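# Okay, structure incoming, though there's no sequence with it:
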């Protein structure tokens, strides 16, 4: 079903149809430094406030730090939201937001036939195309004829929007994820106001960065609202959910609450010794905020120190816990052998990268 939405372009009132859809799967992908996890998380918050049922899937590269622009360094975030019940983050994306050639190449096989691709054309330069293994530019060589392709120079448009803010070129580059978020909020009929509040709260200690991100967000929204390249916008009705208070919960947050509950029920203090590593760091952050439940958190200088501190805590009679991800697990193996030899109780959480 489609209805016409009145709008004003160049002083002339026009209408753009709003297409009503039951559910949609969106995937944001880019380099590890492009802020796709933040973009996806903020879009999810907007979806939650709208009353949709949804599920998300953050996808981190397995390498510790792959070279910028390479296939190995692509980071993604997928969300499925619906007017009905949602059980997974979805399989094939209806929409792919690709911030560079590597992101497009690694994710294109998953996109539905006829799906929408929004590509950051500014990143499709010769160097990035070579890093991704492209012999020619897929945006104009016919590779994407089976999809609805929208090429938008997000990098340059963000730079233009922020040219008078006084922040550095590097900082301007970091704002392009909020430009992409503004595009998607407009395309899926979500308001800006609450997201602007989120930005100012998140960057409260850096008001100049907060303001730059707000400007980028508004610019992206305005582009989607005013350009003639988008035939229609989309709307998903709120899900039929029983009224009440709801919480948006990640797996890491749930794990942290579970550890706190286990400590309370066992009446044994909890000690977490951990070295920050994506995507396990959130457990350390969440438990550090629960110290009033007799929980001690220790941010160690490396993975080995993290597990050894937990072993020491276990030897002292408390519940010893250490958290990590794949590469960090490899570094912990020798100390793990020590815990086994001493027959000490130790909990290791390995938050795997897919």
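It's in. Bear in mind the structure is a predicted one, so any value in this text is a computation, not a measurement.

# Strands of the protein, start to end?
According to DSSP state E, the chain carries its strands in the segments 2-9, 12-21, 23-31, 53-59, 74-82, 95-98, 116-120, 148-152, 233-236, 270-274, 295-299, 319-324, 347-350.

# what ranges of the protein fall below the confidence cut-off?
Scanning the chain with the threshold set as pLDDT under 70 gives 1-16, 63-64, 354.

# Mind telling me which residue is nearest the centre of this structure?
residue 37 (1.8 Å; C-alpha atoms, centre = their mean).

# ok, now which ones touch that residue?
58, 60, 75, 77 (C-beta atoms under 8 Å, 6 or more residues apart in numbering). In this view, the C-beta of every residue, glycine as well, is placed from N, C-alpha and C.

# Taking the residues you listed, tell me the two that lie furthest apart.
60 and 77 (9.5 Å; C-beta to C-beta).

# the more surrounded of the two?
residue 77 (26 against 21; other C-beta atoms under 10 Å).

# Surely that one and residue 30 touch.
No: using C-beta atoms under 8 Å, residue 77 is not in contact with residue 30, being 9.5 Å away.

# can you redo the strands of the chain as TSV with distance to residue 166?
Below are the strands of the chain laid out as TSV (distance: least, C-beta to C-beta, whole Å):
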stretch	distance to residue 166
strand 2-9	31
strand 12-21	35
strand 23-31	25
strand 53-59	33
strand 74-82	29
strand 95-98	28
strand 116-120	24
strand 148-152	25
strand 233-236	33
strand 270-274	38
strand 295-299	34
strand 319-324	40
strand 347-350	43
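
# Residue 133: which of those is closest?
With C-beta to C-beta as the yardstick, what comes closest out of those is strand 74-82 (12.6 Å).

# which helix is the longest one in this protein?
Secondary structure of the chain per DSSP state H: the longest helix is helix 207-226.

# so what's residue 339 closest to, chain neighbours aside?
residue 346 (4.5 Å; C-beta to C-beta, 6 or more residues apart in numbering).

# Could I get the contacting residues of the one you found?
Residue 346 neighbours (C-beta under 8 Å, 6+ apart): 307, 310, 311, 314, 320, 321, 322, 336, 339.

# By neighbour count, which of those residues wins?
Going by other C-beta under 10 Å, residue 322 tops the contacts of residue 346 with 33 neighbours.

# So that residue sits against residue 350, correct?
No: assessed by C-beta under 8 Å, residue 322 is found out of contact with residue 350, at 9.7 Å.

# re earlier: for the contacts of residue 346, give me CSV that also has distance to residue 65.
Below are those laid out as CSV (distance: C-beta to C-beta, whole Å):
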residue, distance to residue 65
307, 22
310, 25
311, 28
314, 32
320, 29
321, 26
322, 22
336, 24
339, 29
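
# Now flag whichever of these is closest to residue 156.
Among the contacts of residue 346, and counting by C-beta to C-beta, the member closest to residue 156 is residue 322, at 44.8 Å.

# Quick one: residues contacting the closest one.
272, 273, 274, 306, 307, 309, 310, 332, 346, 347, 348, 349.

# next one: residue 345
Here residue 345 is in contact with 314, 319, 320 (criterion: C-beta under 8 Å, 6+ apart).

# give me the beta-bridge partners of residue 296?
Going by DSSP bridges, residue 296 is paired in beta bridges with residue 271.

# Surely it is in contact with residue 274?
No: Residue 296 lies out of contact with residue 274 (C-beta under 8 Å); the separation is 11.5 Å.

# who has more neighbours, the two?
With other C-beta under 10 Å as the criterion, residue 296 and residue 274 differ in neighbour count, and residue 274 comes out ahead with 28 against 15.

# Make sure that one is actually in contact with residue 306.
Yes: the criterion here is C-beta under 8 Å, and residue 274 meets it with residue 306 at 4.8 Å.

# Give me the contact list for stretch 230-238.
By C-beta under 8 Å, 6+ apart, stretch 230-238 touches 2, 5, 16-24, 50-52, 81-83, 150, 186-189, 224.

# chain center to it: distance?
22 Å (C-alpha atoms, centre = their mean, to the nearest Å).

# ok, now how distant is residue 290 from residue 42?
24 Å (C-beta to C-beta, to the nearest Å).
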